[in-house]
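**Student:** let's see this in three dimensions:
(one chain, ligands or ions: 1)
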Amino acid sequence: MGVLVLLWLLCGGIAAAIGKRKGEGIAGFFWGLLFGPFGIAIVLFSSGNKRPCPFCHERIFNQATVCPHCKKDTPAIPNSNKFTAGQIIVIIIIALIGSYFMVNYQKSLQEKTAIKASLPAPAKALK
Ligand SMILES: [Zn+2]
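**Tutor:** Below you'll find the model as predicted:
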């Protein structure tokens, strides 16, 4: 179980690193922490808090009214919700299925070791 927790923390770190480039590092960290590998996918597909400048195509914040790169006026885009309700539901379902399989896999591993341990010594020798 400890390994799994470490893996999830690692996913949080990776998602945060990806999110940071899109101006949402903290959000990315929590996505990764909550959904592990799925969180990384979410952050990867999220358009983030930035958009390309219409003039120089550098990535600038959605709320920027002047591009910091070419100094041209750009229309500010209100910080809209990045995910629709439908998308969030799909993400949660995927995360639930993923964690279900992960728990089952762990259980089957534990059962296998339990069966091995419960076998009497002669049965082991016959194998
Ligand atoms: Zn620009």
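**Student:** and the residue nearest the centre of the chain?
**Tutor:** Centroid-nearest residue in the chain: residue 39, 1.2 Å away (criterion: C-alpha atoms, centre = their mean).
**Student:** show me what the strand or helix carrying that residue packs onto, helices and strands only.
**Tutor:** Under the criterion DSSP states H and E, the helix or strand holding residue 39 is helix 37-45. Under the contact definition 3 or more C-beta pairs under 8 Å, 6 or more residues apart in numbering; DSSP states H and E, helix 37-45 sits against helix 2-21, helix 25-35, helix 85-118. In short, each C-beta sits where N, CA and C put it, glycine included.
**Student:** just the angle between the longest one and helix 37-45, please?
**Tutor:** Read it as helix 85-118. 150 degrees (axes from the mean of the first three to the mean of the last three C-alpha atoms, to 10 degrees).
**Student:** and the residue nearest to the centre of the chain, what is it in contact with?
**Tutor:** 11, 12, 15, 28, 30, 31, 32, 33 (C-beta atoms under 8 Å, 6 or more residues apart in numbering).
**Student:** burial count for the second one?
**Tutor:** What it means is residue 12. Residue 12 has 21 neighbouring residues, counting by other C-beta atoms under 10 Å.
**Student:** what does the fourth one give?
**Tutor:** Residues within reach of residue 28, counting by other C-beta under 10 Å, total 28.
**Student:** now do the nearest residue to it once chain neighbours are set aside against residue 39, distance only.
**Tutor:** The spatial neighbour of residue 28 that comes closest, neighbours along the chain excluded (C-beta to C-beta, 6 or more residues apart in numbering), is residue 19 at 2.1 Å. Here residue 19 is placed at a distance of 9 Å from residue 39 (C-beta to C-beta, to the nearest Å).
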